[in-house]
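Q: Just the structure for this:
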Amino acid sequence: MKSAGSRLRALIEAPEIAVLPGVHDTLGALVAEFSGAKALAAGGYSATASLLGRPDSSQLSLTELADFYARITERVSVPLLADADTGFGNVTNVARTVRMMERAGVGAFFIEDQVFPKRCGHMAGKAVVEVEEMAGKLKAMLDSRQDETVMIMARTDAIATDGIQAALDRMSLYCEIGADILFVEAPTDLDQLRRIPAELDGPCIVNLIDGGATPILSASEFQELGYAACVMPVTATHVIVKALQAYYGDLLENGDLREAMHHGIGFTAYTELVGLPQQRAAEQAYLDAAQALAGTARSP
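A: Okay, here's the model as predicted:
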């Protein structure tokens with residue numbers, strides 16, 4: 001099988017726009033794969049929610065985030081686009097970040113030019129580092145990459161701090177340095193959305209946040225604008241919260257599971273989803289083989 005990076009690159013470079021739904025955790029990634037997703041996205045927003053129940057504000061360490069991604073890539077076969085926050089330090093730290101992301105098995109990942117501790121790209125109060133600092137970190141990322149199939153994406157949050165032209169200027173530099181994918185975060189209107197792929201020389205990705213700053217269009221509409229991929233990284237987390245609120249509300253209203261279990265898929269469907277029948281069959285096959293070998297060894 002081709003590497004995760006090669007498969008994701010093929011989707012990014014294809015004429016049809018790539019749609020990467022975000023996942024809340026490993027179980028959600030499995031559901032997304034079974035639902036037909038060809039690639040997935042995972043980031044600090046949902047990772048922080050899943051692991052800590054806290055906001056996306058640089059509260060996870062590099063090792064915690066890399067382990068979160070590794071658990072997903074070990075379970076699903078579709079490639080994963082991952083978020084490496086600000087790279088967790090200077091150029092030396094960024095080099096280790098690259099090694100950890102590659103070890104986690106992701107198909108692509110990005111760092112951003114926000115000041116640490118960062119904020120979710122659609123939160124107020126962001127600040128960006130000097131462009132020279134980000135340029136050096138991006139060069140360090142590219143020099144540290146061992147698996148050339150893993151795609152490195154550059155992200156800028158400069159629209160919120162310095163305007164669209166400054167963001168485009170930054171991303172043009174990041175593209176010149178060698179970023180494989182270009183990510184200008186949080187455009188606020190259709191004019192900005194049009195300018196990004198029109199003025200940048202490389203595959204662009206658009207980030208869609210329900211309730212965020214960027215207008216939400218369909219994948220086909222973004223394709224017409226010139227985007228190579230669209231990601232929806234946080235909505236799965238919001239869906240899970242809403243579903244659990246409905247379930248717990250019904251359950252705690254009268255303490256009767258019979259009035260609340262319709263919110264779930266049920267025991268049998270769940271065990272089939274996570275592969276229990278296949279696991280039991282494999283266990284039995286190994287037992288049968290071992291018994292056959294033992295019988296042969298006891299034969300005179």
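Q: Contacts only, for the nearest residue to V23 once chain neighbours are set aside.
A: Closest residue to V23 apart from its sequence neighbours, by Cβ to Cβ, 6 or more residues apart in numbering: A29 at 4.2 Å. Just so you know, the C-beta spots here come from the backbone N, C-alpha and C atoms, and that holds for glycine as well. When contacts are counted by Cβ atoms under 8 Å, 6 or more residues apart in numbering, A29 touches V23, L40, A42, I72, R75, V76, L80.
Q: ok, the second one to A108 distance?
A: When Cβ to Cβ, to the nearest Å is applied, the distance between L40 and A108 equals 11 Å.
Q: and for these two, which residues touch both?
A: The contact lists of L40 and A108 share P79, L80, L81, where a contact means Cβ under 8 Å, 6+ apart.
Q: For the nearest residue to A70 once chain neighbours are set aside, the count of nearby residues, please.
A: Distance criterion Cβ to Cβ, 6+ apart; nearest residue to A70, sequence neighbours excluded, is A104 at 4.1 Å. Using other Cβ atoms under 10 Å, A104 is surrounded by 21 other residues.
Q: Quick one: buried ones out of the contacts of A29?
A: The neighbour-count test (16 or more other Cβ atoms under 10 Å) marks V23, L40, A42, I72, V76, L80 as buried among the contacts of A29.
Q: Which ones among the residues you listed lie within strands?
A: L40, A42, L80 (DSSP state E).
Q: give me the beta-bridge partners of the last one?
A: So that's L80. L40 (DSSP bridges).
Q: you'd agree it is up against A39?
A: Yes: applying Cβ atoms under 8 Å as the test, L80 and A39 come out as touching, 7.3 Å apart.
Q: what do the two both touch?
A: Contacts common to L80 and A39, judged by Cβ under 8 Å, 6+ apart, are G107.
Q: Contact partners for N90?
A: Contacts for N90 (Cβ under 8 Å, 6+ apart) come out as K137.
Q: what does A82 give?
A: A82 touches A41, A42, G43, L65, Y69, M101, A104, V106, A108, F109, F110, counting by Cβ under 8 Å, 6+ apart.
Q: Which residue, other than its chain neighbours, is closest to the fifth one?
A: By the measure of Cβ to Cβ, 6+ apart, the closest residue to Y69 outside its immediate chain neighbours is A104, 4.2 Å from it.
Q: F110 now?
A: Per Cβ to Cβ, 6+ apart, closest to F110 is M153, 3.6 Å.
Q: List the contacts of whichever strand or helix holds Q192.
A: Using DSSP states H and E, Q192 sits within helix 190-199. Here helix 190-199 makes contact (Cβ under 8 Å, 6+ apart) with 159, 164, 168, 171-172, 182, 184, 187, 204, 206, 214-215, 217, 222, 225-228.
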